[in-house]
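Colleague: sequence below, structure please.
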Amino acid sequence: MTKATQGFSTRAIHDGQEPDPLTGAVNVPIYLSSTYAQEEIGKNKGHEYARVSNPTRDALETNLASLEGGTSAHVFGSGMAAIMAMVTMLRSGDHVICGENVYGGTARLFNQIVVNYGIEFTYVDTSDVGAVRRAIKPETKLMHIETPTNPLMTLTDIRAVADVCHERDVELSVDNTFMSPYFQRPIELGADIVMHSTTKFLNGHSDGLGGVLVGTTPKHKEQFAFVQKCTGGILSPFESWLILRGVKTLAVRMKQHDESGRKVAAFLAQHSKVRQVFYPGLADHPQHELAKKQMSGFGSMISFETGSLANANALLKSVRVCTLGESLGGVETLISHPATMTHAAVGEKERARLGITDGLVRISVGIEDVDDLLADLDQALAQV
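Modeller: Below you'll find the predicted structure:
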């Protein structure tokens, strides 16, 4: 069996994580060195300075490139730092198409910082392939999407959109944070770049901040490595090690996230206090068939409508097993309020247009005993 034919779990545990040749340690060492001894002028053992490269970080980048099926991976200090590194490929006068329902921090970065460099952004409903096609201009260089979207769980047909982009020489980047490479591999569907907030499912334990870009061309490798070197927004050796540790259990964690996510979604869908549930795994989700086609599981991200800010607050302050907090993808169940947390920067008017109401609640189902989660949600919903 070759590495190319090995299964996902095997690659997650072993690719980039071979035993240390010096000591035989089965875990990649944390190399806490800012510089490296050189044998003579122009001769080193593969590393010169920690901003440029680090053995622990290298191991993680090898691992994540393998899991997403890319040619190179480049890790950064946060998911936002990764997105910022991606847009360094652009120049003044370039045009970017972005999904209209993306993480609020992404829109904030584009609208309040990147536009100042003469780059234009158009936001479209990327579930509508026709809208994507109409939005492309001669100046369009990049399209950035999330699928499923945060927080309304709308899907984009990655292959269809990739085909449209490539007809016009536009690169497609996909934020794959919600699904992880275990359930969705955008590069296999035609994406050029995949990004993650590694803080989420890849790390899985809510104890490390980071981001990654996975590229598919020599240009991506050269460009993203150059950004790491020049801007210095790289991931630390310790946090690289945390993600390497987390990725080893990614497959088993995602299986449990998915199993429990389906049960929680079904419970919420029949609850009298819940107005609507947004989850691709439900048969009444408008893109359920697409979800089955391009994802191998439905995951654990669910949003649901409680009807008002007062109802949402009554629920959120009453949970006991679920934790009210920002972020997602940890082993613990995290529950949040998009309008005041992840999407506060979007603004009230735009949230209303998108359907992100004051009563919308988002839950990242963890891997606790699911009966305890259901009981906790039931008692909290009783307060609504």
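
Colleague: residue farthest from the centroid of this structure?
Modeller: Glu40 (42.2 Å; CA atoms, centre = their mean).

Colleague: hey, which strand is longest across the chain?
Modeller: strand 140-146 (DSSP state E).

Colleague: what strands line up against that strand, and which way round?
Modeller: Sheet pairing for strand 140-146, assigned by DSSP bridges, gives strand 95-99 (parallel), strand 171-175 (parallel).

Colleague: and these as CSV, adding distance to Thr340, mean neighbour count and mean pLDDT?
Modeller: For every residue, glycine as well, the C-beta is placed using N, CA and C. Formatted as CSV, these follow (distance: least, CB to CB, whole Å; neighbours: other CB atoms under 10 Å; pLDDT from 0 to 100):
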stretch, distance to Thr340, mean neighbour count, mean pLDDT
strand 95-99, 22, 23, 98
strand 171-175, 22, 26, 98
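
Colleague: among the ones you listed, which comes closest to Phe183?
Modeller: strand 171-175 (12.9 Å; CB to CB).

Colleague: do a quick rundown of the strands in the stretch 51-200 of the chain.
Modeller: Remark: strands assigned in the stretch 51-200 of the chain by DSSP state E, counting those that start in this stretch are 72-76, 95-99, 120-124, 140-146, 171-175, 193-197.

Colleague: hang on, the earlier thing: mind listing residues that contact the longest strand of the chain?
Modeller: With contact meaning CB atoms under 8 Å, 6 or more residues apart in numbering, strand 140-146 is reached by 83, 86-87, 89-90, 94-99, 101-103, 106, 126, 132, 156, 158, 161, 165, 168, 170-175, 177-178.

Colleague: which other helices and strands contact whichever strand or helix holds Gln256?
Modeller: Assigned by DSSP states H and E, Gln256 falls within helix 250-269. For helix 250-269, the packing partners by 3 or more CB pairs under 8 Å, 6 or more residues apart in numbering; DSSP states H and E come out as helix 8-14, helix 180-183, strand 276-278, strand 301-305, helix 370-381.

Colleague: what's that helix in contact with?
Modeller: With CB under 8 Å, 6+ apart, helix 250-269 has contacts from 8-9, 12, 67, 180-183, 201-202, 204, 274, 277, 279, 281-282, 284, 297-302, 304, 331, 363, 365-368, 370, 373-374, 377-378.

Colleague: and if you look at stretch 275-284?
Modeller: 148, 151-153, 155, 261-262, 265-266, 268-269, 285, 287-288, 290-291, 295, 298-299, 301-307, 359.

Colleague: report the buried members of those residues.
Modeller: 148, 151, 153, 155, 261-262, 265, 268-269, 285, 287-288, 290-291, 295, 298-299, 301-307, 359 (16 or more other CB atoms under 10 Å).

Colleague: hmm, back to that, so which of the strands paired with strand 140-146 gets nearest Gly233?
Modeller: Closest to Gly233 of the strands paired with strand 140-146 is strand 171-175 (CB to CB; 17.5 Å).

Colleague: between the closest one and strand 193-197, how many degrees?
Modeller: Counting by axes from the mean of the first three to the mean of the last three CA atoms, to 10 degrees, strand 171-175 lies at 20 degrees to strand 193-197.

Colleague: give the burial count for Gly7, as a bare number.
Modeller: 9 (other CB atoms under 10 Å).

Colleague: for Lys219, that is, sorry about that
Modeller: 11.

Colleague: wait, Leu209 sits on Gly233?
Modeller: No. Using CB atoms under 8 Å, Leu209 is not in contact with Gly233; the gap is 11.5 Å.

Colleague: what's the overlap in contacts for those two?
Modeller: Joint contacts of Leu209 and Gly233 (CB under 8 Å, 6+ apart) are 77-78.

Colleague: ok, Tyr123 - contacts?
Modeller: By CB under 8 Å, 6+ apart, the neighbours of Tyr123 are 97-100, 107.

Colleague: please tell me how far the most centrally placed residue in the chain sits from Gly42.
Modeller: Centroid check for the chain by CA atoms, centre = their mean gives Thr177 as the closest residue, at 1.6 Å. Note on Thr177: its distance to Gly42, by CB to CB, to the nearest Å, is 41 Å.

Colleague: and if you look at Phe278?
Modeller: 57 Å.

Colleague: one more: Phe267?
Modeller: 64 Å.

Colleague: more neighbours, those two?
Modeller: Between Phe267 and Gly42, counting by other CB under 10 Å, Phe267 is the more crowded of the two (17 against 6).

Colleague: just the pLDDT for the closest residue to Glu100 other than its chain neighbours.
Modeller: Leaving aside its chain neighbours, Glu100 sits nearest to Tyr123 (4.1 Å; criterion: CB to CB, 6 or more residues apart in numbering). Per-residue pLDDT puts Tyr123 at 97.

Colleague: with Thr5 instead?
Modeller: For Thr5, pLDDT reads 80.

Colleague: quick revisit: pipe the strands paired with strand 140-146 into JSON lines and attach distance to Gly355 per row.
Modeller: Output for those, formatted as JSON lines (distance: least, CB to CB, whole Å):
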{"stretch": "strand 95-99", "distance to Gly355": "14"}
{"stretch": "strand 171-175", "distance to Gly355": "19"}
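
Colleague: nearest to Val346, of the ones you listed?
Modeller: strand 95-99 (12.5 Å).

Colleague: and for that closest one, what's in contact with it?
Modeller: Contacts for strand 95-99 (CB under 8 Å, 6+ apart): 87, 90, 106-107, 110, 119-126, 132, 135-137, 139-147, 149, 156, 170.

Colleague: could you turn the buried ones of those into a ChimeraX selection?
Modeller: Restricted to buried positions by 16+ other CB under 10 Å, the ChimeraX selection for the contacts of strand 95-99 reads:
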select :87,90,106,107,110,119,120,121,122,123,124,125,126,132,135,136,140,141,142,143,144,145,146,147,149,156,170
